[in-house]
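A.B. asks: One predicted model, sequence on top.
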Amino acid sequence: MSNKPALRPDLAVGEALCAVARDILSDARTAIESPDNSDAVAVHHFRREMKRWRALLRLLDPFLGEESNGLHTASRDLARDLGGARDPQSALEALDDLKKHDLPLPERSIKTMHKRIDALRAAGEMNALATDMRLRIAEALANADVAVNRWPLDALKFPDIAKRLALSYRDARRAVPERWFRASPEELHELRKLVVIHRYQMQIVQPLWKRFTKMWIAEAQRLRERLGQHQDLEVLRVLTEPNQPLASWHAKLDPAIAARKRRHVDAAKRLATRVFVDKPGAFRRRLVVMWKTG
């Protein structure tokens, strides 16, 4: 992590941000092209890099003009089109989570459910990286490389970036529910997306105060994971609805899912209280001080 490009006081802000962008695109290309990666691993790693990429684009939106819209759209569409196996994989992870916490079902039933979900996952992964998709990815990454080379960031100063970081922090903070246990799955999923953006954006300033930012990123990551586990359980719950693959186990699974969701929400509430303790203005001022003393 410390060797990754990031903002540093001894390097021009625009130059550093372009280096971050090129690093993300390089990692995305490696994810797809590495012979060591199975298709499933390649897709997972590529989608992760697209999250980093969109977090960076969101940070830089006001400075990139209309070009930012096209880059957002291209990365979003690729991540979406490669996400066919993501929901079944989420359901598998949720089932494993329940199994570790006294799921009231016999092992034979759990194995049957696992097989049914795994069949959905395998169908989603089939031909995910067919030749035409690989060509689309290669073209999108090449276009992004060209775009980065003409980004007009030479005049950027750190206070400009601190303001944008504080706005993303504010958006995530505002999405924190007032009544956590009444929040809908959609509201918690939206919070998770904003936490992901904040977490990846904070990596860009990590060298400014390594001990503090490492802790902050770790807390944001834990919040992301708890919200993600809640979302995984919701995906699993949908599979228990009528005419879905797990409908036969609806009566046993739904109460277990609801109880486990409450545990994740409770943990997420505690984490969010720590991550979003500062008001956005105080958060921005902290960043500026870190830059001046970095």
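C.D. replies: The structure has been received and is ready for your questions.

A.B. asks: Low-confidence bits of the stretch 1-150 of the chain, can you list those?
C.D. replies: Along the stretch 1-150 of the chain, segments meeting pLDDT under 70 span 1-2.

A.B. asks: For P280, which non-adjacent residue is spatially closest?
C.D. replies: Nearest non-adjacent residue to P280, counting by Cβ to Cβ, 6 or more residues apart in numbering: R170, 3.9 Å away. Just so you know, the C-beta spots here come from the backbone N, C-alpha and C atoms, and that holds for glycine as well.

A.B. asks: Based on its surroundings, how many neighbours for the one you found?
C.D. replies: Residues within reach of R170, counting by other Cβ atoms under 10 Å, total 18.

A.B. asks: Which secondary structure state does it sit in?
C.D. replies: At R170 the chain is in helix, as set by DSSP: H, G, I helix; E, B strand; the rest coil.

A.B. asks: Please determine how far it is located from R284.
C.D. replies: Separation of R170 from R284 (Cβ to Cβ, to the nearest Å): 9 Å.

A.B. asks: do the same with R47
C.D. replies: 30 Å.

A.B. asks: One more: L71?
C.D. replies: L71 is 26 Å from R284, where distance means Cβ to Cβ.

A.B. asks: can you map out the strands along the chain?
C.D. replies: Under the criterion DSSP state E, the chain carries no strands.

A.B. asks: Pop the domain breakdown of it in here.
C.D. replies: The record's domain parsing of the chain by automatic domain parsing lists 10-83+128-155, 86-124+157-294.

A.B. asks: can you list those in TSV and add distance to N3?
C.D. replies: Shown next, in TSV, are the domains of the chain (distance: least, Cβ to Cβ, whole Å):
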stretch	distance to N3
domain 10-83+128-155	10
domain 86-124+157-294	10
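
A.B. asks: List just the one of these that sits closest to K4.
C.D. replies: domain 10-83+128-155 (6.1 Å; Cβ to Cβ).

A.B. asks: tell me the contacts of L227?
C.D. replies: Taking Cβ atoms under 8 Å, 6 or more residues apart in numbering, we find L227 in contact with L188, H189, L191, R192, V195, H264, A268.

A.B. asks: Could you measure from the fourth one over to V277?
C.D. replies: Separation of R192 from V277 (Cβ to Cβ): 19 Å.

A.B. asks: Please say which of the two ends up with more neighbours.
C.D. replies: Using other Cβ under 10 Å as the criterion, R192 and V277 rank with R192 on top: 21 against 10.

A.B. asks: Contacts only, for that one.
C.D. replies: The neighbourhood of R192, defined by Cβ under 8 Å, 6+ apart, consists of R224, L227, G228, Q231.

A.B. asks: hey, where'd the helices end up in this protein?
C.D. replies: Assigned by DSSP state H, the helices in the chain fall at 13-33, 39-64, 67-81, 86-99, 107-125, 131-149, 158-175, 185-203, 210-238, 250-275, 280-293.

A.B. asks: Next, format these as a markdown table and append distance to L7.
C.D. replies: Shown next, in a markdown table, are those (distance: least, Cβ to Cβ, whole Å):
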| stretch | distance to L7 |
| --- | --- |
| helix 13-33 | 5 |
| helix 39-64 | 11 |
| helix 67-81 | 19 |
| helix 86-99 | 31 |
| helix 107-125 | 37 |
| helix 131-149 | 16 |
| helix 158-175 | 7 |
| helix 185-203 | 10 |
| helix 210-238 | 11 |
| helix 250-275 | 20 |
| helix 280-293 | 8 |
